[in-house]
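S.K.: below are the sequence and a predicted model; questions follow.
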Amino acid sequence: MKLYVISADTYEESYGSQISIFGVFDTSHLDSALKELQKKYNYNFEICETNLNECNEMYLGGYFE
């Protein structure tokens, strides 16, 4: 079963990054969840695909010097 992780960089200061996960959804709920989040927040959302009960490394983002 495919699952989708919705995340965004929520840091709003000059320098830095703070990645937040807003939820994990299946295909049938992804569109409605994303539309609801876009109405509520002014973030650039990322969607990462993964499989249920399967190990998977995914890059959510970040910042370092």
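M.R.: Sure thing, it's come through. Numbering: from 1, shown residues only.

S.K.: can you map out the helices along the chain?
M.R.: Assignment of helices within the chain using DSSP state H yields the ranges 27-40.

S.K.: so, low pLDDT: which residues of it?
M.R.: In the predicted model of the chain, residues 64-65 satisfy pLDDT under 70.

S.K.: mind running it again at 90?
M.R.: The chain contains residues with pLDDT under 90 at 11-18, 56, 58-65.

S.K.: centre-most residue in the chain?
M.R.: By CA atoms, centre = their mean, the chain has its centre lying nearest to S7, at 1.6 Å.

S.K.: that residue touches G23, doesn't it?
M.R.: No - contact criterion CB atoms under 8 Å: S7 and G23 do not qualify, at 9.1 Å. For the C-beta atoms, the positions are set from N, CA and C on the backbone; glycine is no exception.

S.K.: one step back: what sits opposite the residue nearest to the centre of the chain in the beta ladder?
M.R.: With DSSP bridges as the criterion, S7 is bridged to I21, E46.

S.K.: ok, now how distant is it from K39?
M.R.: 17 Å (CB to CB, to the nearest Å).

S.K.: now swap in S14 and tell me
M.R.: Counting by CB to CB - S14 and K39 are separated by 27 Å.

S.K.: what about these two, which has more around it?
M.R.: K39 (8 against 5; other CB atoms under 10 Å).

S.K.: now do the same contact list for that one.
M.R.: Listed by CB atoms under 8 Å, 6 or more residues apart in numbering, K39 has no contact partners.

S.K.: and if you look at E49?
M.R.: Contacts of E49 by CB under 8 Å, 6+ apart are 2-4.

S.K.: cool, F45 as well?
M.R.: F45 touches 6-8, 22, 34, 37-38, counting by CB under 8 Å, 6+ apart.
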